[in-house]
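A.B. asks: Just need the structure, nothing else, for what follows:
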Amino acid sequence: MDSVHELVSRYRTEADTMKRYGDQRGAAMLARIVDDLEEVLHSGEHQYVNLSQASALCGYSTDQLRRLIRCGTLKDHGRKNAPRVRVSDLPKKCQDLRRDVPSMHVPSAVETARSIVNRQAA
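C.D. replies: Predicted coordinates for the structure are as follows:
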């Protein structure tokens, strides 16, 4: 799969080709989409934050972010004892999917036994 930057370049070329072959509206629409995509891509590319800010943005603790820096997974763009990371490099923590699941009632052994007895009696 192409990187996003390669896709942007390819789609910009396709928009130029569409324009050359007379599809002005399609070319304009594709060019606008590519412009919007590039704007989003570059908006956080050069924004650097400290670890507290990074923690709030990505959901990882500052200690975990320090570990990621130490092991080389996340690059430190700051100075000694004042780490800063690029927003676009931050990992995204998965949200706990169980929050949206309604809580289920798990019957106790007594409730299960009563249920069995009641079914047999009926």
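A.B. asks: Just say helix, strand or coil for the residue positioned nearest the centre of the chain.
C.D. replies: By C-alpha atoms, centre = their mean, the chain has its centre lying nearest to residue 92, at 5.0 Å. At residue 92 the chain is in coil, as set by DSSP: H, G, I helix; E, B strand; the rest coil.
A.B. asks: any chance you could read off phi and psi for it?
C.D. replies: The phi/psi pair for residue 92 (degrees, to the nearest 10) reads phi -110, psi 130.
A.B. asks: And the pLDDT at it?
C.D. replies: The score at residue 92 is 80. That number is its pLDDT.
A.B. asks: Quick check: closest non-adjacent residue to it.
C.D. replies: Distance criterion C-beta to C-beta, 6 or more residues apart in numbering; nearest residue to residue 92, sequence neighbours excluded, is residue 58 at 5.8 Å. Any C-beta I mention is one placed from the backbone N, CA and C, and that applies to glycine too.
A.B. asks: just residue 82 next, same as before
C.D. replies: What sits nearest to residue 82 in space, not counting adjacent residues and going by C-beta to C-beta, 6+ apart, is residue 50, at 7.3 Å.
A.B. asks: Hmm, residue 78 and the one you found touching each other?
C.D. replies: Yes - between residue 50 and residue 78 there is a contact at 7.5 Å, judged by C-beta atoms under 8 Å.
A.B. asks: Spit out the residues that contact those two alike.
C.D. replies: Residues touching both residue 50 and residue 78 (C-beta atoms under 8 Å, 6 or more residues apart in numbering): residue 84.
A.B. asks: one step back: against residue 34, how distant is the residue nearest to residue 82?
C.D. replies: Going from residue 50 to residue 34 by C-beta to C-beta, to the nearest Å gives 33 Å.
A.B. asks: now swap in residue 72 and tell me
C.D. replies: For residue 72, the distance to residue 34 - C-beta to C-beta - is 33 Å.
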